[in-house]
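Engineer: below are the sequence and a predicted model for it; my questions follow.
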2 protein chains.
Amino acid sequence: MIAWKNLDTLAAYDKLAALKDHIDLAAVMAGENGAARVKEYQAPMAGGLNFNYAAKEVDDEVMAALAELAEEAQLIEKFEELYNGAVINTGENRMVLHHLARRQLGKAVVADGVDKREFYVSQQKKAAEFAEKVHAGEIVNEKGEAFTDVVQIGIGGSDLGPRALYIALENWARATGNFKMEAHFISNVDPDDAAAVLKAVDLSRSLFIVVSKSGTTLETLTNESFVKNALVEAGLDPSKHMLAVTSETSPMAKSEDYLAAFFMDDYIGGRYSSVSSVGGAVLSLAFGPEVFDRILKGAADEDQLATEKDIRKNPDMLDALIGLYERNVQGYTATAVLPYSQALSRFPAHLQQCDMESNGKTVNRFGEPVNYVTGPVIFGEPGTNGQHSFYQLLHQGSDIIPLQFVGFRNSQIGDDIIIEGSTSQAKLCANVAAQIVAFACGKKDENLNKDFKGGRPSSIIVGDQLTPEALGALLAHFENKIMFQGFLWNLNSFDQEGVQLGKVLAKRVLAHDTDGALKAFSDLLNI
Amino acid sequence: MIAWKNLDTLAAYDKLAALKDHIDLAAVMAGENGAARVKEYQAPMAGGLNFNYAAKEVDDEVMAALAELAEEAQLIEKFEELYNGAVINTGENRMVLHHLARRQLGKAVVADGVDKREFYVSQQKKAAEFAEKVHAGEIVNEKGEAFTDVVQIGIGGSDLGPRALYIALENWARATGNFKMEAHFISNVDPDDAAAVLKAVDLSRSLFIVVSKSGTTLETLTNESFVKNALVEAGLDPSKHMLAVTSETSPMAKSEDYLAAFFMDDYIGGRYSSVSSVGGAVLSLAFGPEVFDRILKGAADEDQLATEKDIRKNPDMLDALIGLYERNVQGYTATAVLPYSQALSRFPAHLQQCDMESNGKTVNRFGEPVNYVTGPVIFGEPGTNGQHSFYQLLHQGSDIIPLQFVGFRNSQIGDDIIIEGSTSQAKLCANVAAQIVAFACGKKDENLNKDFKGGRPSSIIVGDQLTPEALGALLAHFENKIMFQGFLWNLNSFDQEGVQLGKVLAKRVLAHDTDGALKAFSDLLNI
């Protein structure tokens, strides 16, 4: 029987809390003990990745406490409930089924008479067949020309995840012959966003995917109209250029305004929707359906690992538990995501949404306030760029900020150069190895300005190359980490009531139904 | 006489600290009092901007305490010392002269027999004349063809600032006939970064600017070689395509490998160097020298405001003081920068460097540890995108995170569309107005999941349009804010010793001179 309890009611949490400042990280990471930790504290992930947590503030005692907490909090049982179709999103009375878009992990899940796995697979097939016809020149523009570009119109989860994944594989796809169409993204209601993208593409040879589950997202519908106007002005027929990704019940679903519609449902939230048609349509068009399948495969394999009871074999759950120790016991307020891969330049922005929108809450799943802190601030930029930017604060600033590195042994394109005896790729890898040790061990100096205290924890996910499988595994890892943390904090990680008030007030401003400060700020902005 | 004292030794700081939780922000921002605050708590900036801090946790009592602190900390006198050429960067024994690149604020500053204002102006002229010759077709490629693209090769301050400014004005320049050449940026040592840029440009018609003050930045020299190889392989002569921005004493300065060299010096740090040749060369080529001059003009006018003693007339100093109150008295650990302008999409990344690298330190300018917290974490993304991402945590998360909004009444391109009775630009502005009030005032709801506590402080910088002058003012505002905060914390904001250890260890990894954890991580990454 599943018990949904607040973190501070769990006996195992009290034990863990007693282990505050338990490890002297600089000491345990020094010398051969440090080397031994690098070999011991690692867990294989899917997609050929490996989660190494040697430089985290753990030892066997902390690990035992984390294992006990995982068990008492019933993390695996809760995940099982989730993928078997329980109503985990209590606030919106919905199941949470993004895992089902990649694999049937448990029982068949049926809703409204439909097997949901079959539904997701059918939409993948539909997008795959459509993409193949476009690539084969069977679906063409008014003049019979092939489409060369695809533009995704969406915001939040309909933008950040698909955009991050596209950027992550763009160079890989070009280098491996998998590049089919260039993708672009319009998200912001700022009219300059859409205008700039439209100026950069050949409208006559572009497909536009309008992504809105409800068919009512104001930014997206506005940008859709913006694009439609541009198409009409260019003498083109919008219905030959526009696609819809929406729910079957939305006004967009059956409209003849679209060349095709791919469906999503209420059981996959926006920030988890890259694996649904939201990511599937654009990525299948850009790189071909096989590449999208490989992303799903990596994610599915990582999900499988997330069902493991043993925390040492379950990197997603373990990462969640260590993060909880850092946030609630050690009191760290932020986490930096630092991929040593230019291709992952927008991956931190995707994780920022996924994490902060899921667990940036102070009310538990029963609507009661909790007495402990929850989701941290997530931010990050790729290395080595970040080293020349905000790392100063990470090394010597007031607050300790846990770090999540990602690194690959090989580049995606393969073009490289040897300077001073090493390739650029070796330099990149050398830097991430060096940073982990610099943060953990520090270095004494009598000049305090040059002194490094160390004791700054990090983990690293290492792989051979950023392939579609590795990317899928990476995506699923963080999604699952966030899910497990939500279980630990007893939150509903799958709604986002905190975004509603702003929407309501913005509507009032546009209707000129304002007073007080709202009217004054509206006047200031000339609305 | 200037006294450099730690914050916690100032009597005015004790007074300020006594004002913890002094304001009930939701209460004072309600009703007509809120409207009155919007009118009262604002300060004009340069470039047609206005700093509105009505939704910050200030009232006349807090303002009086801040004014007293500004005076006791001698902020204006310290700034005067700085622009008159005192050695403010004590750690590196250097003057700090980025203001002088935009205007002579005080006395003539002479170093090594050179008037530094004249030096900076001479380099601006040199870059301007070069750019004009390129635009006029007087400087051309091997075949006599005009150059169409410019690629900046640099990292950290040689990348983030110039890139953010380029993106900020790209659409404006296209819309106003000021667009001359497309700019690209190579920064990361990840070989995929350079490879991808090189695949995207026509090498034969591209200029490459190598930016390294010392001429020894490993990433930059590596990428320079990467590019040179590509030029040679394409049958081109690198010396006809490469420019240098470097110091006069660097090995790059007199080399015949470059078509031209523009100089910088040790008195302008990387993260403050956008106004030097580091930004000047690439921006003059991209948009023409007049546009770069207009950026400098906006910055210079903002600097002039920063010399004002009255905190109500000095938005840079005031912003610094309020930030200090938030960090040290209220205990907030992060600040989000949220421009409602897609053009400012990379401006938060630039500020992240500028702020976190300047003030992420725990040792004062005399090398002694300080007993108070210093620079916060800085992160951000443009609105409205952020609203669909991490705003959930900002509204309902555990920690209060102060917010810095930026908004403009008009778009840059001017293409717009009316949907549901309003333009996209009006929707954008309505959203930022709504967010300020939602964060400050909140909204009670019996369902705690839908309850907003409010009390989340923000300020907004508002302008008519993101022009070059507005951009320069914005840049200078934050630079000056960071400088004043450094003065308050008694830090040297102009060195970055915290980045050294990683560099040293990376070299050891590449030399295979490792043991312990460093060797183990090197092995893990196959170096």
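Structural biologist: Done, it's in.
Engineer: dihedrals phi and psi, the nearest residue to A:Pro339 once chain neighbours are set aside?
Structural biologist: If you skip the residues right next to it in sequence, A:Pro339 has A:Val406 as its closest partner in space, 4.0 Å away by Cβ to Cβ, 6 or more residues apart in numbering or on different chains. Every C-beta, even on glycine, is put in place using the N, C-alpha and C of the backbone. A:Val406 has phi and psi values of phi -140, psi 140 when expressed as degrees, to the nearest 10.
Engineer: repeat for A:Gln124
Structural biologist: When read as degrees, to the nearest 10, the backbone of A:Gln124 gives phi -60, psi -40.
Engineer: can you get me a residue count around the closest residue to A:Ala11 other than its chain neighbours?
Structural biologist: Residue nearest to A:Ala11 in three dimensions, not counting chain neighbours: A:Glu72, with 6.6 Å by Cβ to Cβ, 6+ apart. By the measure other Cβ atoms under 10 Å in any protein chain shown, the count of residues near A:Glu72 is 16.
Engineer: ok, the residue of the stretch 51-200 of chain A found nearest chain B - contacts?
Structural biologist: Minimum separation of the stretch 51-200 of chain A from chain B (Cβ to the nearest Cβ) falls at A:Gly156, amounting to 2.7 Å. When contacts are counted by Cβ atoms under 8 Å, 6 or more residues apart in numbering or on different chains, A:Gly156 touches A:187, A:270-271, A:353, B:385, B:387-389.
Engineer: quick check: the residue nearest to A:Ala11 touching A:Ala12?
Structural biologist: Yes: using Cβ atoms under 8 Å, A:Glu72 is in contact with A:Ala12, at 4.3 Å.
Engineer: and for these two, which residues touch both?
Structural biologist: Looking at what touches both A:Glu72 and A:Ala12 (by Cβ under 8 Å, 6+ apart), there is no common residue.
Engineer: distance of A:Lys297 relative to chain B?
Structural biologist: Separation of A:Lys297 from chain B (Cβ to the nearest Cβ, to the nearest Å) stands at 23 Å.
Engineer: which element is that residue on?
Structural biologist: Secondary structure assignment for A:Lys297, by DSSP states H and E: helix A:289-305.
Engineer: can you list the buried residues in that helix?
Structural biologist: Along helix A:289-305, these residues count as buried under the neighbour rule (16 or more other Cβ atoms under 10 Å in any protein chain shown): A:289, A:291-303, A:305.
Engineer: quick one: name whatever helix or strand follows it.
Structural biologist: Next helix or strand after helix A:289-305 toward the C-terminus (DSSP H and E): helix A:315-324.
Engineer: re the thing from before, list the contacts of the residue nearest to A:Pro339.
Structural biologist: Each residue near A:Val406 by Cβ under 8 Å, 6+ apart is listed here: A:337-341, A:344, A:347, A:460-462, A:474.
Engineer: could you do A:Val329 as well?
Structural biologist: Taking Cβ under 8 Å, 6+ apart, we find A:Val329 in contact with A:16-17, A:19-20.
Engineer: how does it look with 10 Å?
Structural biologist: Counting by Cβ atoms under 10 Å, 6 or more residues apart in numbering or on different chains, A:Val329 makes contact with A:13, A:16-22, A:57, A:62, A:65.
Engineer: one step back: would you show me how to pick out the buried ones of the contacts of A:Val406 in PyMOL?
Structural biologist: Here the buried members of the contacts of A:Val406 are turned into a PyMOL selection, burial being counted by 16+ other Cβ under 10 Å:
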select buried, chain A and resi 337+338+339+340+341+344+347+460+461+462+474
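Engineer: can you list the residue ranges for strands in the stretch 51-200 of chain A?
Structural biologist: In order along the chain, the stretch 51-200 of chain A carries the following strands (DSSP state E, counting those that start in this stretch): A:110-111, A:114-115, A:149-153, A:182-186.
Engineer: how far does the last one sit from its chain's centre?
Structural biologist: Yep, that's strand A:182-186 we're talking about. Chain-centre distance of strand A:182-186: 18 Å, with Cα atoms, centre = their mean, to the nearest Å.
Engineer: ditto for the third one
Structural biologist: Taking Cα atoms, centre = their mean, one finds the center of strand A:149-153 at 20 Å from the center of the full chain.
Engineer: still on that earlier bit, which one of the buried residues of helix A:289-305 is nearest to chain B?
Structural biologist: The shortest distance between chain B and any of the buried residues of helix A:289-305, using Cβ to the nearest Cβ, involves A:Val291 and amounts to 17.3 Å.
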